[in-house]
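# got a structure for you, letters missing:
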């Protein structure tokens, strides 16, 4: 599959680079997939920046670094599906937008009686929940993530989150 989101890009020239952010987000997902294959009961979260990504949860630093490097190798071998993750916040955001849009749309079309409005709200929530996963995956694939073709892992630094729980920052470097 060749598309603009998977092609090699020039190095970022500004302080913040959207393509670098999208590739870091894809690498974050790939890393979580690799770690989840090693330990399916592992519960992790993540946040991406244009210079790397944070992984929140109980994972060994060396295992995290190995997983990030393995994800890059697997992306290079064509496993582009690693960039999309079902527990991504994009899915939640898409679900909320769908719920809002359907609620407003149905609310304006239905009679103003409370029971009709309540039924419309229920239908909107149900419809959004049915569509959110599929549309969220599409949004990830085409908007919020990109295949990390220009990144290399520099380092993994153990940190703590706001509540003192284990976290790591995976620093990456843009390569042309």
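Done, it's in. Note that the structure is a prediction, hence the values are computed from the model and not measured.
# in the protein, where is pLDDT below threshold?
1-16 (pLDDT under 70).
# which phi and psi does the residue in it sticking out farthest from the centre have?
Residue farthest from the centre of the chain, counting by C-alpha atoms, centre = their mean, is residue 113 at 39.9 Å. Dihedral angles of residue 113 (phi, psi; degrees, to the nearest 10) stand at phi -70, psi 140.
# with the one 10 residues further on instead?
Residue 123 has phi and psi values of phi -60, psi -40 when expressed as degrees, to the nearest 10.
# can you check residue 147 too?
When quoted as degrees, to the nearest 10, the phi and psi of residue 147 stand at phi -70, psi 130.
# surely it touches residue 74?
No - in this structure, residue 147 is not within contact of residue 74 by C-beta atoms under 8 Å, at 10.7 Å. The C-beta positions use only the backbone N, C-alpha and C, and glycine is treated the same way.
# ok, residue 172 - contacts?
Taking C-beta atoms under 8 Å, 6 or more residues apart in numbering as the criterion, residue 172 is in contact with 24, 27, 51, 52, 53, 148, 151, 152, 153, 154.
# correction: residue 165
The neighbourhood of residue 165, defined by C-beta under 8 Å, 6+ apart, consists of 56, 57.
# now it: how far from residue 57?
Between residue 165 and residue 57 the distance is 8 Å, computed by C-beta to C-beta, to the nearest Å.
# rewinding a little: more crowded one of residue 147 and residue 74?
residue 147 (24 against 16; other C-beta atoms under 10 Å).
# if we can go back for a sec, and the contacts of residue 172, which are buried?
24, 27, 51, 52, 53, 148, 151, 153 (16 or more other C-beta atoms under 10 Å).
# how near is residue 99 to residue 135?
The gap separating residue 99 from residue 135 is 12 Å, by C-beta to C-beta.
# next one: phi and psi at the nearest residue to residue 58 once chain neighbours are set aside?
Setting aside the residues directly before and after it, residue 58 is nearest to residue 166 in space (C-beta to C-beta, 6 or more residues apart in numbering), at 5.5 Å. Dihedral pair for residue 166: phi -70, psi 140, per degrees, to the nearest 10.
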